[in-house]
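*Asks:* For reference, the sequence and a predicted model appear below.
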Amino acid sequence: MWESKLTIYLVAAIFLLAEVCSPVSAREITVDNNGSGADFKLIQEAVNNSSAGDIILVYPGIYNESVDIGIQNISIFSNSENPEDTTVRAFKLSVNNITVSGFKIQENLVLKGRNGELWYAKIENCTVKNNILELGIGADDCYNSTIEKNIVLKSGISVVGPWADSNFTISDNLLVDGGIGISHGPYRCLLLNNTLLKGGIWVSEGGSHKIIGNYISNGHGIGLFETSSDIENNTIVNCSEGICLTRLTRSNIVHNNTLMSNDIGIYVGDSGGNSFLNNTISKNNIGILLSGSTIDQAGANSLLNNTISNNNIGISLEGDSSGNLVTSNRVELNKQYGVYIKQVNSEVPYNGTNRFYNNIFNNTINFFNDTGNYTGNYFIAKATNIIDGKNTVALNNTKTSGTNIAGGSYLGGNFWAKPDGTGFSQNCNDWNTDGIGDLIYTASAYDIDYLPLVSMPKDRQPVFPVADFSTDVSSGYVPLSVLFTDLSQNATSRIWDFDNDGVADSTGKTPVNIYPVSGTYTVNLTVSNANGTFSRLYPIIASDRPRYTLKEAQITTNKSNQTIPAVYGDKIVFFDDRSGRGRYNIYMHDLSTSRETQITTNNSHYNPNTGPAIYGDRIVWQEYDRPDIHMYNLSTSKEIQITNSGKAFYPDIYGNRIVWTDTRNGKGDIYMYDLSTSKETQITTNESHQDNPSIYGDRIVWQDSRNGEGSYNPTDIYMYNISTSTETRITTNNSDQYYPAIYGDNIVWKDNRNGKGDIYMYNLSTSKETRITINNGFLEDFAIYGDRIVWVDDRNRNADIYMYDLSTNTETQITTNKSGQSGPAIYGDRIVWTDWRNKYRLDGYPDIENADIYVCTVSVIEPSLKTPVSDFFANTTSGNAPLKVLFTDSSTGVPIYWFWDFGDGINSKHALNATHTFTEPGKYDVSLTVTNENGSNTRIMPGYITVSESK
């Protein structure tokens, strides 16, 4: 946890020490709504009875309160520090110096002062940390406050005002399906190291903001309006726009960001005077787009030292985008154009020339000026070199002494290359060897580089080192072992720094490093030769392996067979033959009441390939003797027959919709029945066979044999969207794919492409297919709910239930009993299945395995380790130089990582015990820092080692 209980007690102690100078002593107030003898049962009561300096500790429970905190200088903590077990409906912080930490907040958290005569009063110095905020957080006219280390769901974080000198920090938060919105007046806001999934950052008005180290994916990136900010070291992927600077946004510094797989990497619309430095911009549709209008130009921007590669278009200048400087960039391997120009102007002339010089262009088409083909109505389109003789694009600067980007000794124009080696600069003569081509280069009908750069003769080129390396893995669970392989060129030496702390860790060609503690580490490889040094950075992500508590329970104990369960909420439904062996009825077990209810009484046979399905209060199933679909409503205790064809199979239900396979037309078609309209719809009409449908929301999936030569095989997975009436083919592999299931955007199925049944998954939002299972066992009977997939697997020569968590990429074996298990179903944290571990003797038959229903509740548990306590001793503490000393760790608390500092500028990492030789006389302070997954602790021994001059 981000805050330990020890910290809370230390804070309390500090307040108690202040008692001598305070008229009222700070107190620790407890709240518990379970009647444990705490001071109060309600948080609001504790707040109303508190005074400045008090600490309120809230014990686990669900508090259906909207807590209004109107007492200054108090702190409210959950006693467990675990937001999952302490739930509060809402908080409002309306005064100064409030801290709220460790809660799950269902509605919202608001930082907003009391309503005054004209407007709300300001508040300041508040902290919100380590909470789960289900509906986000909003701050209004709040000064010098912090929002950190929270999990924010759905609506995100909103900060409005104040219009005065202030600081506001939003750091290390995880936001899902929401963004960060800042309308903060003219002063400072720090957005640091936040992770936003399906969201973005929007900042409007004000200035001097810092947006640093954030990760944004599948949203709308970073957007600015009427502001100036420092945007640094952010990573933005799969967004509509990576970084967007719009009208009246000026003087921003955008540097060292990574922008990948967005529609537009950087968009500058009607914004000027910005600097874009050292950014990596790749795999976008457009890398950088500058687009101005007659009202506000996209002008006077500087693009310096960026890497713009593998986009569709590298740099695009459109509209009134003039006076920009593009220099020292690498614009490479962009599919359509390196630079695309479509500049137009109104009756007002351009304000300046766009200058391109000292860039490397290495694209099939490096420069395309489409200005003369503009067909819009608002602007007057004219070629760039015929506006009163003014050329608005310049492709070279004045020839000036200095090392250019291609290694030559003069600055001039640009280096014009092509990936196939046929570029102008790759083949032009340079008889005087000044690095400037002997010919001019015509980039387009309008634009000429009069000083194009060329390659220097190899015998005169300095050979610089290039750092590069590969890893066998880039992420995993601790302890994470990573093999690094140096792939550098022209290097005579190398230094590895595996955590970028400035301390050299290895000089080997293929070193292995173990990361024992979770975190994101930056690996730094620095290589050198006589001409210089070069470094490459790369992130390694080490994560704590999720651990689960598996609580198993037997649901049925009747000495008959109970099979093919389904689960929804607290309700489990299954087939039961207690009325006669082989004759089945449907029963239901309610986990909340432990009550069992018989649903059907007709003693039917059952289809071993399909069981009942349940959603909410509705149970659907297929009758066996005459295959029709029936439904039972638990809330009305009423059964209805859905079909009358006598040829309906494999039902599934979601909400008001029931789907099934129907062979009334001589082949399998997918049908749907809407309970709200009592309307039946035929979904498929293809002449092939469709089977085994599954439904979630507006989407129906099934297996389909229309692409095979036979009647049924091979089968593919298809999907139908009810809201758009569109059908989509999901799989195209020539092997069999069948038994699909769907939850949210994820479709899973059994796949035979590897010669046996594996589970594969397709994500509709990313269009990505993933193989889930990789083993040699036989796989059967799978289901999906949320991020979890369960199935039956016999890799251990026994049919066991396994679970795969998509959010952590972790596989867990659920059952280990040596009997057989089958037919798993999942809802939330509950997995149910059929289990044959119980046996009995019946009517003189040999032992018969009795099928029962079992359930397992899966709970994620926090690490049980405590923070270690550092301690150590040496075999000797004094002697003459050189003095060799063996240091032995005697720490407690199960450390897994050690860092020794010997006091002479030398460190040792990862070693439990360390040997060090002190070569110079003196007294040395020695320290040991020990770490495990719960934290770190350091012990320093001042003057521990005394080294004398050798005699």
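*Replies:* Done, it's in. Numbering: from 1, shown residues only.
*Asks:* What's the end-to-end length of stretch 524-543?
*Replies:* 20 Å (CA to CA, to the nearest Å).
*Asks:* which other residues reach it?
*Replies:* 462-469, 471, 474-478, 480, 482, 484, 486, 488, 490-498, 500, 515, 517-523, 808 (CB atoms under 8 Å, 6 or more residues apart in numbering). C-beta here means a position set from N, CA and C on the backbone, and glycine is covered the same way.
*Asks:* Equivalent analysis for stretch 277-288, please.
*Replies:* Residues from elsewhere that reach stretch 277-288 (CB under 8 Å, 6+ apart): 242, 253-266, 268, 276, 302-316, 331, 334.
*Asks:* Buried only: go through those residues for me.
*Replies:* Burial by neighbour count, judged by 16 or more other CB atoms under 10 Å, picks out 242, 254-255, 257-266, 268, 276, 302-316, 331, 334 from the contacts of stretch 277-288.
*Asks:* Can you flag which of these belong to strands?
*Replies:* Under the assignment DSSP state E, the buried ones among the contacts of stretch 277-288 contribute 242, 254-255, 258-260, 264-266, 268, 276, 302-304, 307-309, 313-316, 331 to strands.
*Asks:* returning to what we had before: are any of the contacts of stretch 524-543 buried, and which?
*Replies:* Neighbour counting by 16+ other CB under 10 Å classes 464-465, 467-469, 476, 478, 480, 482, 484, 486, 488, 491, 494-498, 515, 517-518, 521, 523 among the contacts of stretch 524-543 as buried.
*Asks:* the bottom helix or strand of the protein by mean pLDDT?
*Replies:* Lowest on mean pLDDT, DSSP states H and E among the helices and strands of the chain sits helix 5-17, with a mean of 37.
*Asks:* how far away is residue 90 from residue 271?
*Replies:* 39 Å (CB to CB, to the nearest Å).
*Asks:* for residue 524, same thing?
*Replies:* 34 Å.
*Asks:* Tell me which of the two has more neighbours.
*Replies:* Applying other CB atoms under 10 Å to residue 524 and residue 271 shows that residue 271 carries more neighbours, namely 28 against 20.
*Asks:* thinking the more buried one is in contact with residue 244, fair?
*Replies:* No: look at residue 271 against residue 244 with CB atoms under 8 Å: they stay out of range, at 9.1 Å.
*Asks:* any idea which helix or strand comes after the least confident helix or strand of the chain?
*Replies:* strand 28-31 (DSSP states H and E).
*Asks:* tell me what that next one is packed against?
*Replies:* If contacts are counted by 3 or more CB pairs under 8 Å, 6 or more residues apart in numbering; DSSP states H and E, strand 28-31 sits against helix 43-48, strand 55-58.
*Asks:* any idea which of these is most buried?
*Replies:* strand 55-58 (a mean of 24; mean count of other CB atoms under 10 Å).
*Asks:* neighbouring strands for it, and are they parallel or not?
*Replies:* In the sheet containing strand 55-58, its partner strands are strand 28-31 (parallel), strand 75-78 (parallel), by DSSP bridges.
*Asks:* Just tell me which of those ends up closest to residue 816.
*Replies:* With CB to CB as the measure, strand 75-78 is the member of those nearest residue 816 (35.1 Å).
*Asks:* Going along the chain from the helix or strand harbouring residue 860, find the next helix or strand for me.
*Replies:* Assessed by DSSP H and E, residue 860 sits inside strand 848-861. Heading C-terminal from strand 848-861, the first helix or strand you meet, by DSSP H and E, is strand 872-874.
*Asks:* by contact count, what packs against that next one?
*Replies:* strand 883-889, strand 922-932, strand 935-948.
*Asks:* Report the buried residues of that strand.
*Replies:* Of all the residues in strand 872-874, those buried under the rule 16+ other CB under 10 Å are 872, 874.
*Asks:* Name the next helix or strand downstream of it, please.
*Replies:* Downstream of strand 872-874, the next assigned helix or strand under DSSP H and E is strand 878-880.
*Asks:* how far is that next one from where the chain is centred?
*Replies:* For strand 878-880, the gap between its own C-alpha mean and the chain's C-alpha mean amounts to 54 Å (CA atoms, centre = their mean, to the nearest Å).
*Asks:* Next: stretch 79-92.
*Replies:* That offset, for stretch 79-92, works out to 24 Å (CA atoms, centre = their mean).
*Asks:* now stretch 615-632
*Replies:* Put simply, stretch 615-632 sits 40 Å off its chain's centre (CA atoms, centre = their mean).
*Asks:* Check the separation of the first and last residues in that stretch.
*Replies:* End-to-end distance of stretch 615-632 (CA to CA): 11 Å.
*Asks:* related to what we said a few turns ago, of all the helices and strands packed on strand 872-874, which lies closest to residue 511?
*Replies:* strand 922-932 (20.9 Å).
*Asks:* Contact partners for the residue most central in space within the chain?
*Replies:* Nearest to the geometric centre of the chain sits residue 197, at 5.7 Å (CA atoms, centre = their mean). Shown in contact with residue 197 (CB under 8 Å, 6+ apart): 174-177, 217-219.
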